[in-house]
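> Dropping a prediction and its sequence here:
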Amino acid sequence: MTYRGRFAPSPTGQLHFGSLVAAVGSWLCARHAGGQWLVRMEDIDPPREVAGSAAGILAALPAFGLVADAPALFQSQRMAAYDAAFEQLRAADQLFPCWCSRSELAAGGGLHRDGQCVATANPDRPPAWRLRVPDIAVDFDDALQGPQHENLRESVGDFVIRRAEGFYSYQLACVVDDAFQDITEVVRGSDLLDSTARQIWLQRCLGLSTPAYRHLPLVMGADGRKLSKSEQASPVDPADPLPALRQTLAFLSLPVLATATDVQDLLAHALATFDPAALPHCSGHSFA
Ligand code: GLU
């Protein structure tokens, strides 16, 4: 089976250091395996989208030497596939409509469990649609973070598949498209480690196969928060890519060729001795 990896940014701002780490990490794993590297633009959340950032991210990647093997897939053009997955789950009675508000759920501990709604049905308002989550443990072995075990009823409960505004959830779109793109290994930041059990469960509900997972350390600001959420989430500069690419390789504990004068030299040097198993196993560190 050909290795197929992907980088799946959300267009919520320009490419920043944290997302460059995920892009470079996934690219190196794919190139090392002699496989393909794909880019997927996760543009299915219009309220969070920042105008121009999808184009900005796609233009920045080649400046860092990261060239995909196929044109980018835009999730905004994949609604028919999400509709079909939604109907498949609904036909199997795995979804239910829900009018519960966040504050109503907070009063009962925050999680929605066992298909038990607090709010009554309101035919005047569209519902959110949630997945019925049984008392189920999902186990998987992350290639860097080790064995994972999560009981979905305890950790997340009945999670949302389609929001009341009509937008599909990241979890559903991600699972449908990882399958559609035949992704064999998902390489991404450790902030998504706790989405993985939900995604594996959804794959099982939809009869899809499960890729391997490799969660890279998360880039933290000096304040200990995820970089993109901290003050220091400055975008990387595609017009001057060498400094950020050097920092990215150093962050991933990869060799940085001091004499390199272009991104290709830096990437080729890192790839020559690359060992995916030797990437840092911690879940996050700062890059100061
Ligand atoms: N779009 C997600 C993000 O930018 C990443 C999704 C993924 O890699 O699964 O955080």
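Nice, thanks for sending it over.

> hey, let's count contacts and neighbours off CA atoms from now on
Noted.

> so where is this protein shaky, pLDDT-wise?
227-233, 288 (pLDDT under 70).

> Please repeat the previous calculation with a cut-off of 80.
108, 221-234, 286-288 (pLDDT under 80).

> So which residues of it form strands?
Assigned by DSSP state E, the chain shows strands spanning 4-7, 36-41, 73-74, 95-98, 128-131, 137-142, 146-151, 160-162, 185-189, 212-216, 218-220, 284-286.

> strands paired with the fifth one, and their directions?
In the sheet containing strand 128-131, its partner strands are strand 95-98 (antiparallel), strand 160-162 (antiparallel), by DSSP bridges.

> Same question for the second one.
Looking at strand 36-41 with DSSP bridges, its paired strands and their directions are strand 4-7 (parallel), strand 73-74 (parallel).

> What residues does this protein have near the ligand?
8-10, 42, 188 (C-alpha under 6 Å from any ligand atom).

> In helices, which of those appear?
In helices, judged by DSSP state H, none of those are found.

> could these be laid out in TSV, adding neighbour count?
Formatted as TSV, those follow (neighbours: other C-alpha atoms under 10 Å):
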residue	neighbour count
A8	25
P9	22
S10	23
E42	22
R188	26
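
> and which of those residues is nearest to S169?
E42 (10.7 Å; C-alpha to C-alpha).

> Identify each buried residue in stretch 266-274, please.
In terms of neighbour count (16 or more other C-alpha atoms under 10 Å), stretch 266-274 has its buried residues at 266-267, 269-271, 274.

> again with stretch 55-63
For stretch 55-63, by 16+ other C-alpha under 10 Å, it's 57-58, 60-61, 63.

> dump the residue contacts of the nearest residue to L28 once chain neighbours are set aside.
Sequence neighbours aside, L271 is the residue nearest to L28 in space, at 6.4 Å (criterion: C-alpha to C-alpha, 6 or more residues apart in numbering). For L271, the contact set (C-alpha atoms under 8 Å, 6 or more residues apart in numbering) comprises 28, 31-32.

> Burial check on V256, number of neighbours?
Here the number of neighbours of V256 (other C-alpha atoms under 10 Å) works out to 18.

> actually G224, not the one I wrote
12.

> Now for it: which residues touch it?
Counted by C-alpha under 8 Å, 6+ apart, G224 has contacts S286.

> Now it. Its backbone dihedrals?
With angles defined as degrees, to the nearest 10, G224 sits at phi 80, psi 0.

> Would you mind measuring from it to D93?
Taking C-alpha to C-alpha, to the nearest Å as the measure, G224 falls 42 Å from D93.

> just to revisit the earlier point, so which of the buried residues of stretch 55-63 is the closest to H112?
I57 (35.8 Å).

> measure the closest one to A179 for me?
Counting by C-alpha to C-alpha, the gap from I57 to A179 is 23 Å.

> Could you double-check that F74 lies in contact with E42?
Yes: assessed by C-alpha atoms under 8 Å, F74 is found in contact with E42 at 6.5 Å.

> coming back round to it: would you list the strands paired with strand 128-131 in CSV and tack on mean neighbour count?
Formatted as CSV, those follow (neighbours: other C-alpha under 10 Å):
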stretch, mean neighbour count
strand 95-98, 21
strand 160-162, 23
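
> Distance to Y168 added to those strands, as JSON lines?
Formatted as JSON lines, those follow (distance: least, C-alpha to C-alpha, whole Å):
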{"stretch": "strand 95-98", "distance to Y168": "13"}
{"stretch": "strand 160-162", "distance to Y168": "4"}
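
> quick one: G65 and L20, what's the gap?
On the measure of C-alpha to C-alpha, G65 and L20 end up 11 Å apart.

> Name the nearest residue to I183, ignoring sequence neighbours.
R4 (4.9 Å).

> can you check H16 too?
P235 (4.1 Å).

> where exactly do the helices run in the stretch 101-250 of the chain?
102-107, 152-155, 170-180, 193-206, 241-251 (DSSP state H, counting those that start in this stretch).

> Show me which of the buried residues of stretch 55-63 is closest to the ligand.
I57 (11.1 Å; C-alpha to the nearest ligand atom).

> Closest one of the contacts of L271 to S103?
Nearest to S103 among the contacts of L271, with distances taken as C-alpha to C-alpha, is L28, at 43.7 Å.

> roughly how far apart are that closest one and the ligand?
From L28 across to the ligand, the span is 15 Å (C-alpha to the nearest ligand atom, to the nearest Å).
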